[in-house]
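K.L.:
With the input below, show me the fold.
(chains A, B, C, D and E)
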Amino acid sequence: MLIGKVVGAVVSTAKDEKMQSLRLMVVRTMTVDGQEGSGYVVAVDAVGSGVGEVVLYASGSSARQTILTDKRPVDAVIMAIVDTWDVDGQVQYQKSG
Amino acid sequence: MLIGKVVGAVVSTAKDEKMQSLRLMVVRTMTVDGQEGSGYVVAVDAVGSGVGEVVLYASGSSARQTILTDKRPVDAVIMAIVDTWDVDGQVQYQKSG
Amino acid sequence: MLIGKVVGAVVSTAKDEKMQSLRLMVVRTMTVDGQEGSGYVVAVDAVGSGVGEVVLYASGSSARQTILTDKRPVDAVIMAIVDTWDVDGQVQYQKSG
Amino acid sequence: MLIGKVVGAVVSTAKDEKMQSLRLMVVRTMTVDGQEGSGYVVAVDAVGSGVGEVVLYASGSSARQTILTDKRPVDAVIMAIVDTWDVDGQVQYQKSG
Amino acid sequence: MLIGKVVGAVVSTAKDEKMQSLRLMVVRTMTVDGQEGSGYVVAVDAVGSGVGEVVLYASGSSARQTILTDKRPVDAVIMAIVDTWDVDGQVQYQKSG
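P.N.:
Numbers count the residues shown, from 1 in each chain, chains lettered A, B, ... in the order given. Sure, this is the predicted structure:
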């Protein structure tokens, strides 16, 4: 999995029938230093995440292992909202609130 | 999934028997800044997309989860045409018409 | 899938029993500009391709979806010989003959 | 598989129901020269590893082949703690203790 | 698949129960020019390869298609020892002996 920040969303009307009722979020990948990287992925939201939140996403066939994404043509899923993560004893991020 | 722009097509006569009746599109990957990147993929079109359209494509085994691509030797599928997508509150693209 | 050019072959005597009777081709990946890139892959030939031909190959589990590669430990397969492909209205390659 | 060093952990309360009871470690990928690289992955710990340990992790669908990770939406798993590894006859790392 | 050179091994005592009795080799990826690249992978040896040998390895779910690796949490397998390979009519490597 990789850590990312939800920065936006994708809206689509003309789509495969198996793509109905899914929220598609734009997620910027974060580096191990806690910075936003240049990479991104569009991931299905399986946990009610919102723009600005730091999340964990899984890629590939593993993205189809949630009940929401089962058998769907999607290769990335947000399956956890991050409360906090640390590297080398340093907190990289702490969810507020 | 990644966002891409359909920029062309591939034509093939000599192909595996499971590759019949598929439209193969050349898709340039878009960066999170809404620019066309240098990367590309050849993806099966499952949604009737055309050259110039911005689309969403899935890769790997997930590309075989549409009815059209089931059990076929293909690793990328266009499964949604993008109406609009935004990053950091800014609309990166808006489908015309 | 990606577009590549067949540039060579690999010969192996000591191999897993499931690797019998497969032609293993060295394929240089082509860029979207129609140039030969620095990347390559060794792919099973499922369509009778030869050195010098431009082909389409699939990677990952999708590479096992041809009858020839079913259940084999291979992660890339050439499943189409390219006749022609175009980008931005320009023909990048045209098979001769 | 790749060799990595466990450098931290991720804590999440709001997560997919299939993500319960898993330890999520931040693993820095190591280069073949035995240095910590800039890449990382968040991997499920299946072997009781701790911060500072050098481990082996598997990615993709293979990450779901341990009893702990079976059918879960995870794409990386730590499935071995490294005692020692060598390259070109040189020991790159030796677990202490 | 990619071509690599076996340059070392990984030893592990504390590992997932499905990782018993596997030889884990460090394999440097070779470039299409026949040089050793900077990338590497740790792969299960399914063909009795040794340090110094040039081999072919498969990644992802395909790495679990040998009898030895079936259902194991491994994402790379050496499934062929290379006798010779050529690019653009030039032999890149010839196994001695």
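
K.L.:
Can you report how many residues neighbour A:S61?
P.N.:
When counting by other CB atoms under 10 Å in any protein chain shown, one arrives at 22 neighbours for A:S61. Where you see a C-beta, it was placed from the backbone N, CA and C, and this is true even at glycine.

K.L.:
Report the contact partners of the nearest residue to A:V87 once chain neighbours are set aside.
P.N.:
Distances taken as CB to CB, 6 or more residues apart in numbering or on different chains put D:G8 closest to A:V87, at 4.2 Å, once the chain neighbours are dropped. Counting by CB atoms under 8 Å, 6 or more residues apart in numbering or on different chains, D:G8 makes contact with A:W85, A:D86, A:V87, A:D88, A:G89, A:Q92, D:M25, D:V26, D:V51.

K.L.:
So which of these sit within strands?
P.N.:
When DSSP state E is applied, the contacts of D:G8 are split such that A:W85, A:D86, A:V87, A:Q92, D:M25, D:V26 fall in strands.

K.L.:
For whatever residue of chain A ends up closest to chain E, which residues are in contact?
P.N.:
Nearest residue of chain A to chain E: A:S61, at 7.6 Å (CB to the nearest CB). Listed by CB under 8 Å, 6+ apart, the contact set of A:S61 reads B:G60, B:S61, B:S62, C:S61, D:G60, D:S61, E:S61.

K.L.:
A:Q92 now?
P.N.:
Remark: with contacts taken as CB under 8 Å, 6+ apart, A:Q92 is in contact with A:D33, A:G34, A:W85, A:D86, D:G8.

K.L.:
likewise A:A9?
P.N.:
So A:A9 contacts A:R23, A:L24, A:M25, A:V26, A:V51, B:W85, B:D86 (CB under 8 Å, 6+ apart).

K.L.:
A:V11 versus the last one, what's the distance?
P.N.:
Counting by CB to CB, to the nearest Å, the gap from B:D86 to A:V11 is 9 Å.

K.L.:
So these two - more neighbours on which side?
P.N.:
Higher neighbour count among B:D86 and A:V11: B:D86, with 18 against 14, using other CB under 10 Å.

K.L.:
thinking again about what came up before, now the contacts of A:A9: which count as buried?
P.N.:
Neighbour counting by 16 or more other CB atoms under 10 Å in any protein chain shown classes A:R23, A:L24, A:M25, A:V26, B:W85, B:D86 among those as buried.

K.L.:
so the third one makes contact with A:I81?
P.N.:
When you say that, I think you mean A:M25. No: between A:M25 and A:I81 there is no contact under CB atoms under 8 Å: 11.7 Å.

K.L.:
any common contacting residues for the two?
P.N.:
Common contacts of A:M25 and A:I81 (CB under 8 Å, 6+ apart): A:S49.

K.L.:
Which positions in chain A make contact with chain B?
P.N.:
Residues of chain A that fall close to chain B, judged by CB under 8 Å from any CB of the partner chain: A:7-19, A:24, A:26, A:28, A:38-43, A:60-61, A:63-64, A:71-76.

K.L.:
check contacts around the nearest residue in space to A:S12 that is not next to it in sequence.
P.N.:
Closest residue to A:S12 apart from its sequence neighbours, by CB to CB, 6+ apart: B:A80 at 4.1 Å. B:A80 sits next to A:V10, A:S12, A:A14, A:K15, A:D16, A:M19, A:L24, B:V47, B:V55, B:L56 when contact means CB under 8 Å, 6+ apart.

K.L.:
Could you pull up the residues touching A:V7?
P.N.:
Neighbouring residues of A:V7 by CB under 8 Å, 6+ apart: A:V26, A:V27, A:R28, A:E36, A:Y40, A:V51, A:G52, B:V32, B:V87, B:D88.

K.L.:
same thing with A:E17?
P.N.:
Contacts of A:E17 (CB under 8 Å, 6+ apart): B:I67.
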